[in-house]
Every structure is written in structure tokens, then in C-alpha cells.
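Asks: Pasting the sequence and the predicted model now:
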Amino acid sequence: MQVLGTRELAYLVEECGDGLLLPGHSDLDHSRTLAVTVTGNSVVNRIRFRYGYEMRSKRASFRDDLPPLAPARASDPTAARTRSLGRWLSVGVTVGVTVGVTMLAAGCSTTGGLKPGSRAVLNVVAAENTWGSLATQLGGRQVHVTSIISDPNADPHEYESSASDARAFAAANFVILNGVGYDDWAGKLLAAQPEIGRRVLTVGTLVGKTGGDNPHLWYDPSYVYRVLNSITATYESIEPAEKAYFIARHTAVEAAFAGYRERLSYITQHYADDRVGSTESIFQYMAEYLHLDLVTPYSFMKAVAEGTDPPASSVATVDRQIASKAFQVLVYNVQTVTPLTTTIKSQAAQEDIPVIGVSETIQPPIATFEEWMDGQLDNLADALAAKQLGK
């Protein structure tokens, strides 16, 4: 049992591994996260649970009546901005006293997400937290999900695996890879540690993409929906006795994606054929889905994404496009930053072309996939609307 005591904030939880039980509430899943930061002793805990907390006069009160995720409508910009993290609470607390920590170890495991008196949950490893978020939401209390790539400050294209990654894959019942050359390191780890019965979902294979294709598959909504279905089907096949639970989780996730679908529809209806530029290929699938006209040379975008020098002719084309304002919005990958992309971004800003950032991993990492995407789509819609009003 861990007690966090402060002047105005206290939490009492029972901890078993990475699973945390709130008194009187054992039916937990990973659909919500409360991030509690206590600075006095550098104690940081992330508590994942089905229910919610709300703050009243700097005090946390437990609520079990919070509704499921309720995305703001794309047409409501004020709600959209508050929505992105409105269902997530990050509390910074400065304490002047020592935080007392006591462990009740009876029946508790320090690994794997086991709870006292329960059977083992499925151990799932996702190479990227984009897919890991979906696996977490769809699996709920029946799964423990580890996402390997989640650092918002790193370029996933340059990721190098570690010994801890190898151990995670070795213990996994179910592994989710992106494929298409994006996470070859993960494939190598699996090949070195074959395991009978382990399930592997490679998204690229699922959607028919191979090496050399654009690997940013999570930016194609149609691919995302197929991954949702595939993950649920895999869970049901591994644990058929829990099929009803997984169906319920899938239904809940589909409901949580309502705002995502609304935003996609809104942008398509209002801004189809609007011209956009991009510093790399990360935005290609989304632009195609939204029927936006992505005018940046593909050779430029692909080279930047792969960490090579773009053809000089493509760089000259992008310079001309910016100077002539040939596109209305520039999409910028915040995790692939080079002197060239920084220059392109600065040139666009000087020409009063809105620049919006998108990322390869979920930002902030505690957000869900749909919250992250909703925020990026809101920014895109705002930028497109601003340029239309400025015509």
C-alpha cells in the first residue's frame, strides 16, 4: 500500500506490479490515467484505472460516475482545445514532508500486471506506442501492454534496441509491429527468440505494405480501423472465454473514436482539395484520406523521412512553392528535425504560411491515440480555416 501525503492531496492505493487498485474498485483497465507528481521527494506515479478524479479546490475526490470518453465536436474550437487533455489530470504537488511508502507484498507481483487472486493477464508488447495505445484500450484489464518506442523527443527512425527490449519481447504473448522497414530491429529480436504460440501482428503485412512504402501507417484512418479489428480478433482467439469482455471493450473504443471520425469528416467536407505542404512523408496518408492536395515533391518528403539528402531539384521546388505561397499550410514533423526542415519551417513562417506540428509517437505519452490525433486534426482545421478567412 502506498500513501502519498501532502497538505491538500492524498491518495491511498494498493499496488501490485504495474496494476493499482483503488479501495472498493477492483474492476480496472487502462482507459484512463492519472499522473501524480510529488516534487518534494521526486515520487512519480501513473495510476491507470477505469474511473476518474476531478479537482475541487486543489483536493482530489473520487468519482465513479464519469461517462466514457466524450470527444468535443470539431466545430467547437474552444472545446477542442480543452478536450485534448481534458480527461487527463496531471497534478504537480510540492510537499514539505517526506512521503511515506509502505508495501503490502502479500500476493503481489512486481512484474507483469498480476493482481491478488487473479489469473495472469496477456502480456502484449507493441514496438510503437501508437499501436500500444490501441492495444491497451482494447484489452482493458485483461492485458498488460508495453510500448517500446514512446519518447516524444526522439526520432523513431533512429531507434536502437536494448537488452530490456529483448526481455520484453521474450515474455510477450502478443507482439504488434509496424513493419514496412520502420521497426526492423523488433523483427530481429523476435527472430532471435522464437516462441511457440506467440502471436505477431505486423501492420504493414495486414494492410499490404512492404519495404520502401511509406511506413507512417497510423496516419491512414482506414488502416487504424483494420488494426483495431485485428487486435480484438487476436485477443478473442487467445482468450475465447473473455470474448464478451473484448467485444465490450471494442465497442467502447469505437465510441471513443467518435470525435476522430467527426474531425476527419469535417475537414474533408470543408477543405477538400486545399493545398498543403509537408517537410516529410509522415502526412501523406492523412492528406490522401482527407482529399487534401499535398504538393510537396514526394522525393523531397521521402528523403527527409529516411534521413538522406533530398534531390537538389526537389529542394528548389519547395523553395519556389513557399515563395509563391503555393500551399496554404505546412505540416512539420516535430520528431524529424534537420537544418533543412528548420529552414523550410522558417521560410514558411516568414511568408505567413501556417505551420502545424505532427509527431510520430503519441504526445503527450499519457494521452490515448484518439486524443493525440484529435488535437492534431484540430490544429490542421484551424490552420486551414485561418488561411481561407485570409484569402
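Replies: Good, I have the coordinates. As the structure is a computational prediction, the values presented were derived from the model and not from experiment. Numbering: from 1, shown residues only.

Asks: List the contacts of residue 304.
Replies: Counting by C-beta atoms under 8 Å, 6 or more residues apart in numbering, residue 304 touches 279-281, 310, 333, 336, 338, 340-341. Every residue, glycine included, has its C-beta placed from N, CA and C.

Asks: Tell me if it really is in a helix.
Replies: Yes - assigned with DSSP: H, G, I helix; E, B strand; the rest coil, residue 304 falls within a helix.

Asks: isn't residue 125 right up against residue 144?
Replies: No - using C-beta atoms under 8 Å, residue 125 is not in contact with residue 144, being 9.5 Å away.

Asks: Comparing the two, which shows the higher neighbour count?
Replies: Between residue 125 and residue 144, residue 125 has the larger neighbour count (other C-beta atoms under 10 Å), namely 27 against 24.

Asks: how would you label residue 213: helix, strand or coil?
Replies: Classified using three-state DSSP, residue 213 is coil.

Asks: re the thing from before, taking the contacts of residue 304, please make a ChimeraX selection of just the buried ones.
Replies: A single ChimeraX command selects the buried members of those (16 or more other C-beta atoms under 10 Å):
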select :279,280,281,310,333,336,340,341
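
Asks: pLDDT and distance to residue 362 added to the contacts of residue 304, as CSV?
Replies: As requested, the contacts of residue 304 are exported to CSV (pLDDT from 0 to 100; distance: C-beta to C-beta, whole Å):
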residue, pLDDT, distance to residue 362
279, 95, 20
280, 93, 18
281, 95, 19
310, 96, 28
333, 94, 14
336, 88, 16
338, 92, 22
340, 95, 26
341, 95, 21
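
Asks: Okay, buried residues for stretch 338-357 please.
Replies: Within stretch 338-357, the residues scored as buried using 16+ other C-beta under 10 Å are 340-341, 344-345, 347-348, 353-356.

Asks: And the residues you listed, which two are furthest apart?
Replies: Across those, the longest distance by C-beta to C-beta is 19.8 Å; it joins 340 and 354.

Asks: Residue 189 against residue 171, yeah?
Replies: No - taking contacts as C-beta under 8 Å, residue 189 lies outside contact range of residue 171: 11.9 Å.

Asks: Between the two, which has more neighbouring residues?
Replies: Comparing residue 189 with residue 171 by other C-beta under 10 Å, the one with more neighbours is residue 189, at 22 against 16.

Asks: Now do the contacts for the more buried one.
Replies: Residue 189 is in contact with 161, 165-166, 169, counting by C-beta under 8 Å, 6+ apart.

Asks: Where does it sit: helix, strand or coil?
Replies: Put simply, residue 189 is helix when judged by three-state DSSP.

Asks: Please shift the residue numbers so they start at 34 in all later answers.
Replies: Sure, I'll start numbering at 34, so the last one becomes residue 222.

Asks: Not counting its neighbours along the chain, what's nearest it?
Replies: residue 202 (4.8 Å; C-beta to C-beta, 6 or more residues apart in numbering).

Asks: List the contacts of the closest residue to residue 230 other than its chain neighbours.
Replies: Excluding the flanking residues, the one nearest residue 230 by C-beta to C-beta, 6+ apart is residue 206, at 7.6 Å. Contact analysis of residue 206 by C-beta under 8 Å, 6+ apart lists 155-157, 230-232, 271.

Asks: any idea which of these has the most stuff around it?
Replies: Neighbour counts for these peak at residue 157, which has 30 neighbours (criterion: other C-beta under 10 Å).

Asks: Who does it form a beta bridge with?
Replies: With DSSP bridges as the criterion, residue 157 is bridged to residue 178, residue 207.

Asks: Equivalent analysis for the one 4 residues further on, please.
Replies: For residue 161, the beta-bridge assignment (DSSP bridges) gives partners residue 182.

Asks: Would you agree it is in contact with residue 187?
Replies: No - Residue 161 lies out of contact with residue 187 (C-beta under 8 Å); the separation is 11.7 Å.

Asks: any idea of the pLDDT on residue 38?
Replies: Note on residue 38: pLDDT of 33.

Asks: now do residue 178
Replies: For residue 178, pLDDT reads 97.

Asks: what's the burial count for it?
Replies: Taking other C-beta under 10 Å as the criterion, the count of residues near residue 178 is 26.

Asks: repeat for residue 227
Replies: Residue 227 has 7 neighbouring residues, counting by other C-beta under 10 Å.
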